[in-house]
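# Pasting a predicted model and its sequence here:
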Amino acid sequence: MGLESLLVSLLIGALSGWLAGQVMRGGGFGLIGDIVVGFVGATVANWLFPALGLDMGGGWTGAIVPAALGAILFLALLRLLGI
């Protein structure tokens, strides 16, 4: 993974984690926590959406929307577990 890919992944993780935090309304996890939640959400979305036959397209929107939806699912699971 090159430096540019890493920076893009961190940016998408931060944006999607922040969006998930805004939707789920909670105490928040801070910048690092948002990046982690966004990264996990993107991983969940990259696995789940193709399995369901969903395609969000390309570009920034096609990367951030599924990652944010995956992060929302991940945050819901964390809240369900009481974390």
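Cool, the structure landed.
# what helix or strand does Gly53 sit in?
Under the criterion of DSSP states H and E, Gly53 resides outside all helices and strands.
# From Ala63, how far out is it?
Distance, Gly53 to Ala63, by CB to CB, to the nearest Å: 19 Å. Placement of C-beta: from N, CA and C, glycine included.
# Please apply the same query to Ile12.
Distance from Ile12 to Ala63, by CB to CB: 5 Å.
# Between those two, which contacts overlap?
With contacts defined as CB atoms under 8 Å, 6 or more residues apart in numbering, the residues shared by Ile12 and Ala63 are Ala42.
# Which parts of the host helix or strand of Leu7 count as buried, going by neighbours?
According to DSSP H and E, Leu7 maps onto helix 3-24. Judged by neighbour count using 16 or more other CB atoms under 10 Å, the buried positions of helix 3-24 are 9, 12-21, 24.
# Quick one: those residues as CSV, columns for distance to Leu78 too.
As requested, the buried residues of helix 3-24 are exported to CSV (distance: CB to CB, whole Å):
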residue, distance to Leu78
Ser9, 21
Ile12, 20
Gly13, 16
Ala14, 17
Leu15, 19
Ser16, 15
Gly17, 12
Trp18, 16
Leu19, 16
Ala20, 10
Gly21, 11
Met24, 9
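# Closest to Gly59 out of those residues?
Ile12 (11.4 Å; CB to CB).
# I'd say that closest one and Ala68 touch.
No: Ile12 lies out of contact with Ala68 (CB atoms under 8 Å); the separation is 9.2 Å.
# quick one: low-confidence ranges for this structure?
For the chain, the stretches with pLDDT under 70 are 1, 26-28.
# who's more crowded, Gly53 and Ala63?
Neighbour count, other CB atoms under 10 Å: between Gly53 and Ala63, Ala63 has more, with 21 against 6.
# How about the contacts made by the more buried one?
Counting by CB under 8 Å, 6+ apart, Ala63 has contacts 12, 42.
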